[in-house]
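# got a structure for you, letters missing:
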């Protein structure tokens, strides 16, 4: 299948380590933020979201942190596994709006 | 249940041809989005439907791009007189609620190559 993100920033981690992927968002009015995972030949897959009234949200092995002061979002993946290898995108939107804006993406490579 | 499906998965067109890309959203989803994803980049918003109403088409790059969702379910993205710069993956997504502020479910995309 087609390779997604040939020239994206790459994060390489050892299996079992924790991964942190960072993202700067652009719109101060955004109040809804999402992390997506995209594997080659597939559409983006929802991982976790957070609304602007929170600064941290946890899921299964994933945590999203939101810092509205500096417009920064991060995704933490605990005990990274080979199956986590993919391109990760942050995205922003605002309640009532239709246009979701995606960031440039980061390729995560997990070494077994 | 079935997710979002798109067809064809791959389309090769000669420059100047018209193409039509189909999206079948998840049944009952009100919102439908089209995105364009160039190689090595994130998806870029093209247009949004709420049921059959096209409420935002600000992302369509030119008047050669046209989208419709006449019965509020299946949607078609049509590109007339294709150009090489139209080569990209076209993604469709649907969500249950009335805005972009909720989880969107993406299809696998249609990869369009214009020769």
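Alright, I've got the coordinates. All figures in this text were calculated on a predicted structure; none of them were measured in a lab. Numbers count the residues shown, from 1 in each chain, chains lettered A, B, ... in the order given.
# nearest residue to the most centrally placed residue in chain B in space, please, no chain neighbours.
Geometric centre of chain B, nearest residue: residue B:34, 3.3 Å, by Cα atoms, centre = their mean. Here the nearest residue to residue B:34 in space, its sequence neighbours aside, is residue B:46; by Cβ to Cβ, 6 or more residues apart in numbering or on different chains that works out to 4.2 Å. Quick note: C-beta positions are derived from backbone N, CA and C, even for glycine.
# before we move on, what about residue A:80?
In space, residue A:80 comes closest to residue A:19 once its chain neighbours are excluded; the distance is 4.7 Å by Cβ to Cβ, 6+ apart.
# OK, contacts around the one you found?
Shown in contact with residue A:19 (Cβ atoms under 8 Å, 6 or more residues apart in numbering or on different chains): A:11, A:13, A:75-77, A:80, A:84, A:108, A:110.
# counting contacts, what elements does the helix or strand of chain A with the lowest mean pLDDT pack onto?
In chain A, no helix or strand scores lower on mean pLDDT, DSSP states H and E than strand A:101-102, which sits at a mean of 92. With contacts taken as 3 or more Cβ pairs under 8 Å, 6 or more residues apart in numbering or on different chains; DSSP states H and E, strand A:101-102 sits against strand A:86-93.
# quick one: the strand it packs on near chain B?
Yes: under the criterion of Cβ under 8 Å from any Cβ of the partner chain, chain B is reached by strand A:86-93 at A:89, A:91, A:93.
# who wins for most neighbours among those residues?
Counting neighbours by other Cβ atoms under 10 Å in any protein chain shown, residue A:89 comes out on top of the residues of strand A:86-93 next to chain B with 27 neighbours.
# that residue is in contact with residue A:36, isn't it?
Yes: at 4.7 Å, residue A:89 and residue A:36 qualify as touching, with contact defined as Cβ atoms under 8 Å.
# need the overlap of contacts for the two.
Jointly contacting residue A:89 and residue A:36 under the rule Cβ under 8 Å, 6+ apart are A:44, A:102.
# list the contacts for residue A:64?
Taking Cβ under 8 Å, 6+ apart as the criterion, residue A:64 is in contact with A:33, A:35, A:48-50, A:56-57, A:73-76.
# report the central residue of chain A.
With Cα atoms, centre = their mean applied to chain A, the nearest residue to centre is residue A:35, 3.7 Å.
# rewinding a little: what pairs with the least confident helix or strand of chain A, and is each one parallel or antiparallel?
The partner list of strand A:101-102 in its sheet, established with DSSP bridges, is strand A:86-93 (antiparallel).
# mean confidence score for the partner strand?
In this model, strand A:86-93 has an average pLDDT of 95.
# how about the residues of chain A by chain B?
Residues of chain A lying near chain B (Cβ under 8 Å from any Cβ): A:2, A:4-8, A:31-32, A:34, A:36, A:41-46, A:49, A:89, A:91, A:93-105.
# what subset of those residues is buried?
A:4-5, A:8, A:31-32, A:34, A:36, A:42-44, A:46, A:49, A:89, A:91, A:93-94, A:97-105 (16 or more other Cβ atoms under 10 Å in any protein chain shown).
# point out where chain B drops to low pLDDT.
With pLDDT under 70 as the threshold, chain B has low-confidence stretches at B:1, B:99-100.
# can you give me the strands in it?
Counting by DSSP state E, chain B has these strands, from start to end: B:5-7, B:10-13, B:19-24, B:31-37, B:44-50, B:53-56, B:65-68, B:75-79, B:88-95, B:105-106, B:110-114.
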